[in-house]
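A.B. asks: For reference, the sequence and a predicted model appear below.
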Amino acid sequence: MVQIQRQRRPGRPPLGDEPRPVDMHIGSRIRSLRRLVGVSQPRLAERVGLTFQQIQKYETGLNRISVSRLWQIATALDASVAFFFEGLDKKLNEQQPGGSAPEAANGNAQNGDQKEAESIVAAYREIDNPRIRRSFMELVRSVTPSNG
C-alpha cells in the first residue's frame, strides 16, 4: 500500500514541523508592537484584510508572513519593516550550539521583561493628566542607566 503524503498550502510548514525561530521572532515582535500601540488582533486583522485567527497564527509563528503582508502590518502599526527583525541575529546566534546564552533561560527572561514593559506602557496610557504623565516620564528617565 502506497501512503500519500498530504501537501500543505504554500507558506505553511510541513505537517509535524515546529514553527521556525525566525517566524516566531517576527510574530513575537508583531504581538509586542500591536499591544504597545493598543491595537487588538481583530482591529489589526481588519486593517490588513485578514481574520484575527490569521493574525494569531502569524504572532505564534505557525504561519509564515510574506514580505508584502509584513509591509501591510508594519504600515497598519506605523512601524518600519526593520523593526520586526531587530534582535533576530542575537537570538539566532544564542540558539546555535556554542551560543552565548542558554535559549530557555534567556527566552524566559526576555518574555518577563516584555510583559513588564507592556504593563508599564498600558499603565502610562491610563494616565489622563498631562502633568502626571510628564512627571512619570521624568521619573523613568532619572533612573535609567544613561542618566545615572
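C.D. replies: Happy to help now that I have it.
A.B. asks: in which helix or strand would I find the closest residue in space to L62 that isn't next to it in sequence?
C.D. replies: Residue nearest to L62 in three dimensions, not counting chain neighbours: P19, with 5.6 Å by CB to CB, 6 or more residues apart in numbering. Where C-beta positions appear, they are placed from N, C-alpha and C, glycine not excepted. Using DSSP states H and E, no element contains P19; it sits outside every helix and strand.
A.B. asks: residue contacts, P19?
C.D. replies: 13, 27, 60-62 (CB atoms under 8 Å, 6 or more residues apart in numbering).
A.B. asks: Just flag the most distant two among those.
C.D. replies: Pairwise distances across the contacts of P19 peak at 12.9 Å for P13 and G27 (criterion: CB to CB).
A.B. asks: These two: which is more packed in?
C.D. replies: G27 (23 against 15; other CB atoms under 10 Å).
A.B. asks: which residues does the more buried one contact?
C.D. replies: 19, 58-61, 65.
A.B. asks: let's see it at 6 Å
C.D. replies: G27 is in contact with 58-61, counting by CB atoms under 6 Å, 6 or more residues apart in numbering.
A.B. asks: from those, which ones fall inside helices?
C.D. replies: Among those, the members found in helices (DSSP state H) are 58-60.
A.B. asks: Mark which of these are buried, thanks.
C.D. replies: Taking 16 or more other CB atoms under 10 Å as the criterion, what is buried in those is 58-59.
A.B. asks: out of the ones in helices among the contacts of G27, who's nearest S119?
C.D. replies: E59 (18.3 Å).
A.B. asks: Where does pLDDT dip in this protein?
C.D. replies: 1-17, 91, 95-112, 146-148 (pLDDT under 70).
A.B. asks: how about 50 then?
C.D. replies: Applying pLDDT under 50 to the chain picks out residues 99-108, 148.
A.B. asks: Need the residue closest to the centroid of it.
C.D. replies: Centroid-nearest residue in the chain, with CA atoms, centre = their mean: R29, separated by 1.8 Å.
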